[in-house]
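**Student:** this one's sequence-less:
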């Protein structure tokens, strides 16, 4: 699932991943992401979250999603690149980071890597 309040980036991310064979749900807010997760139990394995959304931000959304399903892999996206130390201090599990605008190869490789990890951890 891609969660971003920027509909252009949301659509771009969905198109990139769909072209690579992934089934992608989208949400425009953290609240919508939680509703989608609840209506698709066990289906969502990975979430790409905009860190700076209005209302419920990416980190708060990540915490909420993990409280529903701790196995979900999380990628945070932003236009600035934090250090690993900064990510570790954010107080929630972040599995990867993507810069905006999305780099297609990097996005696809991170999604593939994390879904492979998810499969290994949950089989």
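**Tutor:** On my side now, so go ahead. Predicted model only: the values in this text are computed from it and were never measured. Numbers count the residues shown, from 1 in each chain.

**Student:** which residues does residue 62 contact?
**Tutor:** 47, 49, 74, 76, 92, 93, 94 (C-beta atoms under 8 Å, 6 or more residues apart in numbering). Every residue, glycine included, has its C-beta placed from N, CA and C.

**Student:** Break down this structure into its strands, ranges please.
**Tutor:** 2-3, 26-27, 46-50, 73-78, 96-99 (DSSP state E).

**Student:** and the longest one, what other elements does it pack with?
**Tutor:** Same thing as strand 73-78. strand 46-50, helix 58-68, strand 96-99, helix 104-121 (3 or more C-beta pairs under 8 Å, 6 or more residues apart in numbering; DSSP states H and E).

**Student:** circling back to that earlier point, export the strands of the chain to a markdown table and tack on mean neighbour count?
**Tutor:** Converted to a markdown table, the strands of the chain look like this (neighbours: other C-beta atoms under 10 Å):
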| stretch | mean neighbour count |
| --- | --- |
| strand 2-3 | 26 |
| strand 26-27 | 20 |
| strand 46-50 | 25 |
| strand 73-78 | 21 |
| strand 96-99 | 18 |
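
**Student:** For residue 109, find the nearest of those.
**Tutor:** strand 96-99 (9.7 Å; C-beta to C-beta).

**Student:** Could you list the residues in contact with the closest one?
**Tutor:** Taking C-beta under 8 Å, 6+ apart as the rule, strand 96-99 contacts 48, 73-79, 81-82, 87, 106-107, 110, 113-114.

**Student:** That strand pairs with which strands?
**Tutor:** strand 73-78 (parallel) (DSSP bridges).

**Student:** so how far is residue 97 from the residue nearest the centre of the chain?
**Tutor:** Central residue of the chain (C-alpha atoms, centre = their mean): residue 48, 1.6 Å from the mean position. Separation of residue 48 from residue 97 (C-beta to C-beta, to the nearest Å): 10 Å.
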